[in-house]
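From the sequence below, what's the structure:
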Amino acid sequence: MLRQHVFLLVVAGIGLTAGQQPAAGPVPGQDQPIALGELGSNLPEFSLRDLRGRPVRSADLRGKVVLVDFWATWCGPCKKEMPGYQQLLDRYGPKGFAVIGFKFDTMKDTEDPVRFAKRLGVRYPLAVASDAVKEKFGGVEGLPTTLLYDRQGILRIKVIGFEYTKTFEADLKQLL
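Next comes the predicted model:
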């Protein structure tokens, strides 16, 4: 069964909260729309350029299982997760899996983001998480934040904080 993890990472004295809730899709007969970034919400529309100038569009992700990762060069847990996401992409990309990373720019980078990604072996698209992008995903409460959308573009897993690649792989297999 798919589940939601919610962990707030202690970053710059923000604090720590942890909890776990079962995943929930849209509720039949529900009149209220699901808030952006909440389980059951849709992958938002976006069109921008990655850090190398290549186009990145949500329209190109339709029909795929999509992992969206919010990260930063100064985020220790991000450095641990990102290589695992690349491994998942290498393994499941041919089956319809895609990964995109949105770089936070609220603090100064600790190194050039392109060199950072290369050093970690990350080859999936990385783009800057502008305020507009963050809003489209319902805001970002902590780093890393990882969102997993099914082939219909519905958010099924949301994790704020570090999670092991094997946990995401188990959930990913169910969505493929």
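
What is the subsequent helix or strand relative to the lowest-mean-pLDDT helix or strand in the chain?
Within the chain, confidence by mean pLDDT, DSSP states H and E is lowest for strand 17-22 among all helices and strands, at a mean of 36. Counting by DSSP states H and E, the next helix or strand C-terminal to strand 17-22 is strand 47-49.

got the buried residues for that next one?
In terms of neighbour count (16 or more other C-beta atoms under 10 Å), strand 47-49 has its buried residues at L48. C-beta here means a position set from N, CA and C on the backbone, and glycine is covered the same way.

Could you do stretch 123-140 as well?
Buried residues in stretch 123-140, defined by neighbour count with 16+ other C-beta under 10 Å: 124-127, 129, 133-134, 136-138, 140.

ok, of the residues you listed, which one's closest to K118?
L126 (10.5 Å; C-beta to C-beta).

What pLDDT does the model give that closest one?
At L126, the predicted lDDT confidence score is 98.

what residues are up against it?
50-51, 100-103, 113-114, 117 (C-beta atoms under 8 Å, 6 or more residues apart in numbering).

buried subset of these?
Among those, those classed as buried by 16+ other C-beta under 10 Å are 50-51, 100-103, 113, 117.

I'd like those residues as TSV, with distance to Q174, pLDDT and secondary structure appended.
Listed next are these as TSV, based on distance: C-beta to C-beta, whole Å; pLDDT from 0 to 100; DSSP: H, G, I helix; E, B strand; the rest coil:
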residue	distance to Q174	pLDDT	secondary structure
D50	28	97	coil
L51	31	96	coil
I100	20	98	strand
G101	22	98	strand
F102	24	98	strand
K103	28	97	strand
P113	32	96	helix
A117	28	97	helix
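
Can you lay out those residues as a markdown table showing distance to T146?
Listed next are the buried ones among the contacts of L126 as a markdown table, based on distance: C-beta to C-beta, whole Å:
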| residue | distance to T146 |
| --- | --- |
| D50 | 18 |
| L51 | 19 |
| I100 | 11 |
| G101 | 10 |
| F102 | 11 |
| K103 | 14 |
| P113 | 18 |
| A117 | 16 |
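
List just the nearest of those to D60.
Closest approach between these and D60, by C-beta to C-beta: I100, at 9.8 Å.
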